[in-house]
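# need a structure here:
(one chain, ligands or ions: 2)
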Amino acid sequence: MDKKCIVCGHPYPEEHHVVYRSQQSAMINCPHNKIPLCYEHHRGNKSPHMDRNLDVKYKREFQERLEYLFSIKECYLEGEVQAILMIQKKDVRKIVKTLCVVIMGDDVGYKREDIIKQAMGGRLYG
Ligand SMILES: [Zn+2]
Ligand SMILES: [Zn+2]
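Numbers count the residues shown, from 1 in each chain. Ligands and ions are numbered 1, 2, ... in the order given. Predicted coordinates:
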């Protein structure tokens, strides 16, 4: 990653997945789900892996980002979800396969809230 730590500007950050692999494996390659953090801000005492409040803060910010990304309409086709999240087809399948479908013309789509909740690992952060 050619970015800097978002907390201190350290030039060689690690890549933090806001929603962990264990929470939603389909989101592991979603660029929106990655933030650059230096070792200290990634793994130290004041990091999302050690401080629950920070973990939730980053998750809330990510959820807001998803709400923005999916704010254009109520329902989305699978291909649209894939394009917005910038993930592979097999990963978008993992996200939508358990969701209720909504008829969209000749196709089926999925509700914004359901997509976001599933992308967040099955729960929302209020
Ligand atoms: Zn840092
Ligand atoms: Zn991490």
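
# where is the longest helix in this protein?
Taking DSSP state H as the assignment, the helix of the chain that covers the most residues is helix 52-69.

# what separates that helix from the chain centre, distance-wise?
Relative to the centre of its chain, helix 52-69 is centred 8 Å away, using C-alpha atoms, centre = their mean, to the nearest Å.

# the closest residue to I87 other than its chain neighbours - how many residues pack around it?
Nearest residue to I87, sequence neighbours excluded (C-beta to C-beta, 6 or more residues apart in numbering): C30, at 5.0 Å. Where you see a C-beta, it was placed from the backbone N, CA and C, and this is true even at glycine. For C30, the count of nearby residues is 23 (other C-beta atoms under 10 Å).

# these two touch, right, C30 and A83?
No. The pair C30 and A83 fails to qualify as a contact (C-beta atoms under 8 Å) at a distance of 11.7 Å.

# for ligand 1, what are the nearby residues on this structure?
Applying C-beta under 5 Å from the ion, we find that the chain lies next to ligand 1 at C5, V7, C8, H10, C38, H41.

# ok, Q88 - contacts?
Neighbour list for Q88: N29, Q82 [criterion: C-beta atoms under 8 Å, 6 or more residues apart in numbering].

# do K46 as well
Contacts of K46 (C-beta under 8 Å, 6+ apart): E40, L54.

# then it would be within a strand, right?
No. Judged by DSSP: H, G, I helix; E, B strand; the rest coil, K46 forms no part of a strand; its state is coil.

# okay then, goodbye and thanks.
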